[in-house]
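S.K.: Next come a sequence and a model predicted from it.
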Amino acid sequence: MFTHSMLNIIEWGTIVADNFNVKLNIIEWGTIVADNFNVKLNIIEWGMVMIELQSYGSLGCLEDERAGLMKLKEAFHNPARSTALHSWGGGEERDCCKWERVVCDNATKRVSQLSLSQARYFGNHWFLDASLFLPFQELQSLSLADDALAGFKGVLNLTKLEVLDLRSNSFTEISSLDVMKSLKSLNLGNNDLNNSHRFKELTNLTKLEMLHLGDNGLMEIPSSIWALTSLKALSLRNNGLTGLLPLRGLCKLVNLQELDLSNNGFEGNLPSCLVNFISLRLLELSQNRFEGAIPSTLFPILKSLEYVSLSHNFFEGSFSFSSLANNSNLEVFELVSDNNGLKVETENPPWTPLFQLKFFRLSNCILNDKSRVLPSFLLNQFELRVIDLSHNSISGTIPMWLVANNTKLEFLNLANNSLTGPLTLHLNSTHLDMFWFDVSSNHIQGELPYLVGSTFPNLITLNVSSNLFQGSIPPSLGDLRVLDTLDLSNNNFSGQLPEHLVTGCVSLAILKLSNNSLQGKIPSWINSFSNLRVLLLGGNSFEGPIPLQLCDLGNISIIDLSRNEFSGSIPSCLHGIKVGNEKAFDDTFRTEIYGGYRFMRLHSYSYENQVNVDQAIPVPISISDVEEEVEFITKSRSETYKGNVLYFMSGIDLSWNKLTGPVPYEIGYLSDIHALNLSHNHLTGPIPESFSNLKQIESLDLCHNSLSGQIPLKLVELNYLSVFTVAYNNLSGRTPERKAQFATFDEHSYEGNSLLCGVPLERRCITNEEMSPPPQPSYAVQDDTFEVAFLLLFGQLMQWHL
């Protein structure tokens, strides 16, 4: 069983090798030499010896480390996450080096890496006993991310630990870490370390090369950071830090390769000392308040740059893109201006780039002020995954060559420019990676190519709205099986809805076809859109009844059928849809690109000789500001709902049609709806009393119908109502009591109802007292007495006469 072993036994003995343990039963004295294990035993008398031997080649982990892992498993036991650490100690596998989340050194078989992230992500915050890690003295990398930790009990004393990941916990201080002077990478992102005075222990970590303190709510930058002159990667992102950068400290960190200060409120000009960071590969300064000019001398010096993001600041002046010509490693460039006061020139002077970009965003700038042309250097780019040139007023024909040249392109946004010409696609050209295509708000004319479905079969978002497209909607759109958002609004599309569109786009969540020339009836197979959240068909020529199948859209949150020719009654079954209900929001709208940059992973700094660890400052490239927008008329005006707001908005707009009959009582069961517009129809009958159940409603428009009867008095209980109008109906009686939200509505909410009275109308209501017969005056009683006396006198006179 033991190869290359030599055993010299003077007397008889028994050797049993069970897995990795050697059990020797020696009856007489003898000498055993096991060359492979460097063990020499001299036994003078008989006895029994148990030797636990660690294999240095192929036998497995140390028993004390195995026992230590089992204790950790017990500490991390999570009833709610039964799969966490389930393989530890289970089954026949005793070699802990083969357990999940465990990596051992190939030579020593000692545990070198341990990942316990999300092993106990539940319940209240807790403290982990640091002594549980004492068996792992060769540990180099430890991850405890997302474990609801509030801290350690005791001091974490791992003298060889180089990488420690504690992100996404609830640490409030780091005193337990100051003895680990071997640390090179420390991730404390997304904790509760908001007091900068709790970082004095950092000064002891003199070997630290990567430090992540993002998402901690820091009130100021800890001054102890500036002593860490070995730092090569620093992230302070998303802390809400404000004011000027402390240049005296920052400028000491000349070894930085990655600097992430994004999502703060830093002000002033860019630090001039950035030119000294000659090894810088990643510069992330987006979402701040930096101003002034972007130094033209900065980029020619920083030739190692791979990633530059300067978006959402207040830069002004001029920036020449040619200053990046020699940055041959550049793969990411992002500059989205927040004040539209930055002039960017890409054409003069003439230049040829040495780089091949993968991610390029240049948006909301004054791009090529004189020529307004598309950057010509893009003709030499063939590796692009992301192109965003939106909001730049670029002119010329739509550059479909960008798609042809960049076969790995995934995201194209050319919205809000002045591009013209037809949208041309080539036969037998398929782009499987493209998932976002937006050319909205341009001047593109002609028909939408019938090849669009086969050319981009994996599109998630297709937006060609606000152009000059005409003709019918191509049925091939139904081939887009994963399409989430389709926006063809504000064009001149005509004809009917193709059946294949409805039956094929099974993943569609947002359908915007408003303001076209579409006609016909809403097809009965509309209920095939089982995932639909938003349906906007307003401003077309649809006719006929509203199909009952619309009630089958169980996840719908916004319906706009306004400004069409719909007739018949409002389906009472609409009360069964989940407008505004939780079920409609089981999945959030896709408001950003998968929460981050899925197209390319820059390998962030990981120090030399680190085994299988990418301790990246999370590359924060995202397109979170490229969000789906939905226009919906509410509060008597067109509102744009964007991003996460879509998660909360819900409404139905059936206005400006030819609907007749009463308002269904069941509509009042939509207790979570925020906006309801039934105006400009021919509806009759009373306002349903059930409308008092619309507890979340903010806008209720019933004007320009033929509604009659009184306004339900309980409507005053609608505490969120900010817009209310029943103008131009046949309502009668008293206006609702002037309290709560109804105290804010003026006469315009009630005008055009001749039988309505009360404040705020000038027409006074006649009280019950005023409508009852007036009391008889006292002289009426005297008249009765006079009448009786007269009759008596008349009778007496008659007797005298006789």
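M.R.: Yep, it's here.
S.K.: excluding its backbone neighbours, what's nearest residue 71?
M.R.: Once flanking residues are discounted, residue 71 sits nearest to residue 132: 5.6 Å by Cβ to Cβ, 6 or more residues apart in numbering. In short, each C-beta sits where N, CA and C put it, glycine included.
S.K.: Tell me how far that neighbour lies from residue 139.
M.R.: For residue 132, the distance to residue 139 equals 12 Å [Cβ to Cβ, to the nearest Å].
S.K.: who's more crowded, the two?
M.R.: Set residue 132 next to residue 139 and count neighbours by other Cβ atoms under 10 Å: residue 139 wins out with 22 against 19.
S.K.: So for the more buried one, what's the pLDDT?
M.R.: With respect to pLDDT, residue 139 scores 97.
S.K.: In contact with it, which residues are there?
M.R.: Residue 139 makes contacts with 111-114, 133, 158, 160-161, as judged by Cβ atoms under 8 Å, 6 or more residues apart in numbering.
S.K.: neighbour-wise, which of those leads?
M.R.: When neighbours are counted by other Cβ under 10 Å, residue 111 leads the contacts of residue 139 with 28 neighbours.
S.K.: My guess is it contacts residue 104. True?
M.R.: Yes: between residue 111 and residue 104 there is a contact at 5.6 Å, judged by Cβ atoms under 8 Å.
S.K.: Could you pull out the residues contacting both of those two?
M.R.: With contacts defined as Cβ under 8 Å, 6+ apart, the residues shared by residue 111 and residue 104 are 61, 96-97.
S.K.: Go through these and name the one nearest residue 219.
M.R.: Comparing the shared contacts of residue 111 and residue 104 against residue 219 with Cβ to Cβ picks out residue 96 as the nearest, at 43.5 Å.
S.K.: what separates that closest one from residue 61, distance-wise?
M.R.: Distance from residue 96 to residue 61, by Cβ to Cβ: 4 Å.
S.K.: swap in residue 469?
M.R.: 65 Å.
S.K.: just residue 158 next, same as before
M.R.: For residue 158 relative to residue 61 (Cβ to Cβ), the value is 17 Å.
S.K.: domain parsing for the chain?
M.R.: If you go by automatic domain parsing, the domain ranges for the chain are 13-52, 200-383+601-626, 399-508, 525-591+627-770.
S.K.: Same list (these) but as a markdown table, adding distance to residue 120.
M.R.: Below are the domains of the chain laid out as a markdown table (distance: least, Cβ to Cβ, whole Å):
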| stretch | distance to residue 120 |
| --- | --- |
| domain 13-52 | 30 |
| domain 200-383+601-626 | 20 |
| domain 399-508 | 34 |
| domain 525-591+627-770 | 26 |
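S.K.: Now mean neighbour count, distance to residue 151 and mean pLDDT too, for those domains, in JSON lines please.
M.R.: What follows is the domains of the chain, written out as JSON lines (neighbours: other Cβ atoms under 10 Å; distance: least, Cβ to Cβ, whole Å; pLDDT from 0 to 100):
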{"stretch": "domain 13-52", "mean neighbour count": "13", "distance to residue 151": "35", "mean pLDDT": "36"}
{"stretch": "domain 200-383+601-626", "mean neighbour count": "19", "distance to residue 151": "13", "mean pLDDT": "88"}
{"stretch": "domain 399-508", "mean neighbour count": "19", "distance to residue 151": "41", "mean pLDDT": "95"}
{"stretch": "domain 525-591+627-770", "mean neighbour count": "18", "distance to residue 151": "32", "mean pLDDT": "87"}
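S.K.: now the strands for the stretch 1-150 of the chain?
M.R.: Ranges of strands in the stretch 1-150 of the chain, per DSSP state E, counting those that start in this stretch, are 13-18, 21-26, 30-34, 39-43, 47-52, 102-104, 111-115, 126-129, 141-143, 149-153.
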